[in-house]
Each structure stands twice: as C-alpha cells, then as structure tokens.
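A.B. asks: structure for this input, please:
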Amino acid sequence: MSENIVIGDVRPRIQAVGDGILSTFVFPFAIFKETDLEVYLDDARQLSGYSVIGAGQSEGGSVIFNVPPPANTVVTLRRYLPIERMSDFAEGGAFHAAVINQELDYLVALSQQNADEIVRSVTLDPTDGDVGLVLPLKEQRANACLIFDNEGVPVAGPNVDEIAHAQANAGIATQAAAAAQVSASSAAVERASTETARDLTLSARDQAVAAAQHTFSVFKYTAIGGETALSGPDDYAKTLIYTPGVVIVDMNGALWEEGTDYLASDGASITGFSPLYAGDVVTIRAFGSFSVTAEMDAIVAEGVNQVANVQAEGSIQTANMQTYAQQMADIVNNIYDGAFFEMDDNGDFMPTLSPVYSETYELDINGDIQPL
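C.D. replies: Model (predicted):
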C-alpha cells in the first residue's frame, strides 16, 4: 500500500454495461488492497475470473476479466471495507505520520462507504418534518405490504391473502364491467332495432294513409219501406261518408243517375229519390279523392318496372303492360263514365254497367288496384 494514497471526493461505486468485447473496466476511487473491491455481473457477485490492478493508487485502477462480460451485462464495481481497527498506538511511543495518515484515510473511506449506503436507502427529504420510520414488528409485517398511516409512519398493510382476494374481486368486477358493456351494446342495438321498427311502422302508416286516399267504399242499405233519404250507419254499421261528385248509386242492381234519380251534395246523405219499398237494396259506392297526376305517375312507374322485368321473368309482355297502363289511365280519367269496375277470371279490372260486387278496392303505393 502506498503511503501517499489520497482518498478523493469520489463515490466508491461505479457501473458500466458490457458489449461482449470489452474486458477491462476502470474504477476512479482508491482501494487499499485488491480484496477491498467487490465485483458484480448483473446481480451475481464474482469471486474469480478477473484480476484487479491499481490497489493503493489514489486515482483508482481497473478490473480485467478473463472473458469479456456478455453484451448488455451490467458490471458493478464498489469499494467495501470491513468496519474495524487493526492498529493501535503505544502509550508514550513514537508518533509516525504514515500510520496516522493510513488510519485517517481508512476512516474517510468508511465514511464514503456509509454515505453511499445512505444514498441508496429510504430517507426523509431535508425539508420533511421528523417522523419515526421504525418498521412494524416482524410478525406484523411478515407476508404483508408496508404502508404509511396519516402521520407518515410505516405500518403493516394487507397481507398476501387479502391482496389475492382483492385481485380476485377485481377480476370479477372486470368481468362484470365487460358483461355490462356487452349488455349496453346489446341494448344500443335493441334500441336501434326498435327505432328502425318505429320508423318502418310510421312509414307503413303514411303509406296506409296515402292508400286510403285512393280507395272507394261500399255502403249497403236494405229498406224497411218509405225511405226517401239515406244516411248514417248502413246494414254493416258503416257510417255513410263520400266526396260529392265521385259517388255511384244503384238500387237492386239498377244504376241511378245523379241529379235525376237522387241527389248527393253534403257528403253524408243521399236524398231526392222516390220512396223505397221494403226489401229494396241501395248500394252506394263512394270514391276517395286523389291526384290524377300522382296516380298516373304511380301507374307509369309500375309500367316501367314491369317492362324492365320482362326479360328476367318472361311472364309479362310490353304490349300487355301498355294496355294495362292505358286501362288504368282510362279509369283515372273516367273514360268509363258512370261505370263500375269488377275483376274478371284473369284478375283484370273490367268496366261493367251492372255491378254485382260489394267488395272495396284500393290503389296501393305502386299504383295497383287491390281488394281490401
């Protein structure tokens, strides 16, 4: 050991990372002898496989490994001295400066060692208030977490069983939350489906209202004798209502002429005819008001649709559709003035002057006449 060794203000611990090639690692602090240096690779202390150079030198030295540490290996070098005093001064004996210097160097080195340990320990901030940091008893802290109370004092917290139970409950809670999320998503889908169903229902209602505007209703009255006016509920409890100018009336199958045989002006009664005999049957057909343009648009649209499907279906001919469209146009424009219409054996609507049907028909949203 050099008598001139100087313990500088250098932390007695250093770390480096191996690259798989470098085998020499320098330490900048002084050591008194080679065994004062502890060598670690990651967290494993090494007792062989290297040599130490520079013991007794103020500027430190180096460690040379026989085999370069593997890449990414953390190399830790630290000075660690036993806390002891091996020398003694004789009473009245010679006072040697070298011996005193050696003892003082050792004490300073021990102080640096302690300071390094303190830095790596749990300590209070210099500005913090005083508080006891004594750990709970071993029996209290065994298998338990260390927590701090409201005064900042360390106390024993939950044990491992309590933590495991809490984790299990957290897992259950997480699953419940996931299930709730799925339920919420399902509820959102159900709500969307309900809203879609509502929209479809409203659309169907609107279509039904539109279709209702294109219908005609049939009212039947069986006379008890002497009636010269008809109104209110008919034989089937349907209350008479019609649009003046679009009504057809017959008695016992014979068509009446409006203005000559009867009057229909108030939309709720038929008047001005000769007294009926008991058993006479008066049939009133009341057509709803509608837009010729809208109905023609619907008929033409249906015709276009049917013509477009001729090649694919092979069952409808263009000529037939043109005839059909013309017949519908004739119906709408009242070509068959004062006529009633019935469905023949082929399902086509034909004009007849002797109506015998009491069914009610409607024009649907595609412009087709359908029985109610």
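
A.B. asks: so for stretch 249-261, mean pLDDT?
C.D. replies: When pLDDT is averaged over stretch 249-261, the result is 93.

A.B. asks: in that stretch, what's buried?
C.D. replies: For stretch 249-261, burial by neighbour count (16 or more other CB atoms under 10 Å) applies to 249-251, 255-256, 258, 261. From N, CA and C alone the C-beta is placed, and that goes for glycine too.

A.B. asks: what ranges does the stretch 51-200 of the chain have for its strands?
C.D. replies: For the stretch 51-200 of the chain, the strands defined by DSSP state E, counting those that start in this stretch cover 61-65, 74-79, 144-148, 154-159.

A.B. asks: which one among the buried residues of stretch 249-261 gets closest to Gly60?
C.D. replies: Ranked by distance to Gly60 (CB to CB), the buried residues of stretch 249-261 are led by Val249 at 126.1 Å.

A.B. asks: distance check, the closest residue to that closest one other than its chain neighbours against Asp125.
C.D. replies: Setting aside the residues directly before and after it, Val249 is nearest to Trp256 in space (CB to CB, 6 or more residues apart in numbering), at 4.5 Å. Trp256 sits at a distance of 111 Å from Asp125 (criterion: CB to CB, to the nearest Å).

A.B. asks: same question for Val249.
C.D. replies: Using CB to CB, Val249 is found at 106 Å from Asp125.

A.B. asks: looking at the chain, which helix or strand does the model trust least?
C.D. replies: helix 310-313 (a mean of 47; mean pLDDT, DSSP states H and E).

A.B. asks: so what touches stretch 185-204?
C.D. replies: With CB atoms under 8 Å, 6 or more residues apart in numbering as the contact definition, stretch 185-204 has no outside contacts at all.

A.B. asks: tell me where the model's unsure across the stretch 101-250 of the chain.
C.D. replies: Residues of the stretch 101-250 of the chain meeting the criterion pLDDT under 70: 204-216.

A.B. asks: all helices of it, in order?
C.D. replies: All helices of the stretch 101-250 of the chain, identified by DSSP state H, counting those that start in this stretch, fall at 138-141, 160-212.

A.B. asks: list the buried residues for stretch 145-160?
C.D. replies: Neighbour-count burial for stretch 145-160 flags 154, 156 (criterion: 16+ other CB under 10 Å).

A.B. asks: now the end-to-end length of that stretch.
C.D. replies: Its start and end residues considered, stretch 145-160 measures 8 Å (CA to CA, to the nearest Å).

A.B. asks: and if you look at stretch 27-37?
C.D. replies: End-to-end span of stretch 27-37 (CA to CA): 10 Å.

A.B. asks: residues near Ala286, how many?
C.D. replies: For Ala286, the neighbour count with other CB atoms under 10 Å is 21.

A.B. asks: my bad, should have said Ser265
C.D. replies: The tally of other residues near Ser265 (other CB under 10 Å) stands at 13.

A.B. asks: surely it meets Gly245?
C.D. replies: No: Ser265 sits out of contact with Gly245 when judged by CB atoms under 8 Å, with a separation of 9.1 Å.

A.B. asks: would you check which pair of the buried residues of stretch 249-261 lies furthest apart?
C.D. replies: Pairwise distances across the buried residues of stretch 249-261 (CB to CB) peak at 13.1 Å, for the pair Met251 and Glu258.

A.B. asks: now render the helices of the stretch 101-250 of the chain as TSV, adding distance to Ile224.
C.D. replies: As requested, the helices of the stretch 101-250 of the chain are exported to TSV (distance: least, CB to CB, whole Å):
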stretch	distance to Ile224
helix 138-141	107
helix 160-212	32
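
A.B. asks: closest to Gly225 out of those helices?
C.D. replies: Closest to Gly225 of these is helix 160-212 (CB to CB; 35.0 Å).

A.B. asks: centre of the chain to the closest one, how far?
C.D. replies: Centroid separation for helix 160-212 versus its chain: 10 Å, with CA atoms, centre = their mean, to the nearest Å.

A.B. asks: angle of that helix against strand 154-159?
C.D. replies: Orientation of helix 160-212 against strand 154-159 (axes from the mean of the first three to the mean of the last three CA atoms, to 10 degrees) gives an angle of 60 degrees.

A.B. asks: angle of helix 160-212 against strand 144-148?
C.D. replies: Interaxial angle of helix 160-212 relative to strand 144-148 (the same axes, to 10 degrees): 80 degrees.
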